[in-house]
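Q: When you get a sec, could you give me coordinates for this:
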Amino acid sequence: QVQLVESGGGLVQAGDSLRLSCAASGLSFSSYTMGWFRQAPGKEREFVAAINWSGSSTASADSVKGRFTIFRDGAKNTLYLQMDSLTPEDTAVYYCAARQGGVAFTTTLYDYWGQGTQVTVSS
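A: Modelled structure (predicted):
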């Protein structure tokens, strides 16, 4: 079955960097658009960034533009999110997701989800 397993979360200070990983199995990774979403306590899950199957097209939320970079490694079936200049507002559980089709921004358009990894940024 399809498995998406996130890792790399943790507790950091404002201004620090983290790199999240999402290891995919059970699907043809190179055929799927991949995305990162996050959910803070008491808030809805929100789009962070997405990358199409080939890596030729990416999109990111305005709140993370210029700070977060999404990329993928087809040889390792792994999706990444490089997060720089973290702020306390970035504190959330981060989820990776997969869909067939192009880059999308809404949760309902993604078919598979990981369990999430916690990112906590202290001030």
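Q: contacts and neighbour counts: CA atoms only from here.
A: Fine.
Q: how about the nearest residue to the residue most central in space within the chain, chain neighbours excluded?
A: The residue lying closest to the centre of the chain (CA atoms, centre = their mean) is W36, at 2.4 Å. Excluding its sequence neighbours, the residue lying closest to W36 (CA to CA, 6 or more residues apart in numbering) is C96, at 4.5 Å.
Q: what's the helix or strand for the one you found?
A: When elements are assigned from DSSP states H and E, C96 belongs to strand 92-99.
Q: and that strand, which strands flank it?
A: strand 33-39 (antiparallel), strand 112-113 (antiparallel), strand 117-122 (antiparallel) (DSSP bridges).
Q: how far does the first one sit from the chain's center?
A: Here strand 33-39 is found 4 Å from its chain centre; the criterion is CA atoms, centre = their mean, to the nearest Å.
Q: so for that strand, what's the average pLDDT?
A: Per-residue pLDDT over strand 33-39 has a mean of 98.
Q: helices and strands around the next helix or strand after it, which ones?
A: Scanning forward in sequence from strand 33-39 by DSSP H and E, the next helix or strand is strand 46-51. In terms of contacts (3 or more CA pairs under 8 Å, 6 or more residues apart in numbering; DSSP states H and E), strand 46-51 is packed against strand 33-39, strand 58-60, strand 68-73.
Q: what about the ones you listed, which gets the closest to T120?
A: Ranking the helices and strands packed on strand 46-51 by proximity to T120 (CA to CA) places strand 33-39 first, at 11.7 Å.
Q: contacting residues around that closest one?
A: Contact with strand 33-39 is made by 45-53, 79, 81, 92-103, as judged by CA atoms under 8 Å, 6 or more residues apart in numbering.
Q: Also stretch 75-92?
A: Applying CA under 8 Å, 6+ apart, the set of residues contacting stretch 75-92 is 13-25, 29-30, 34, 36, 38-41, 67-73, 118-123.
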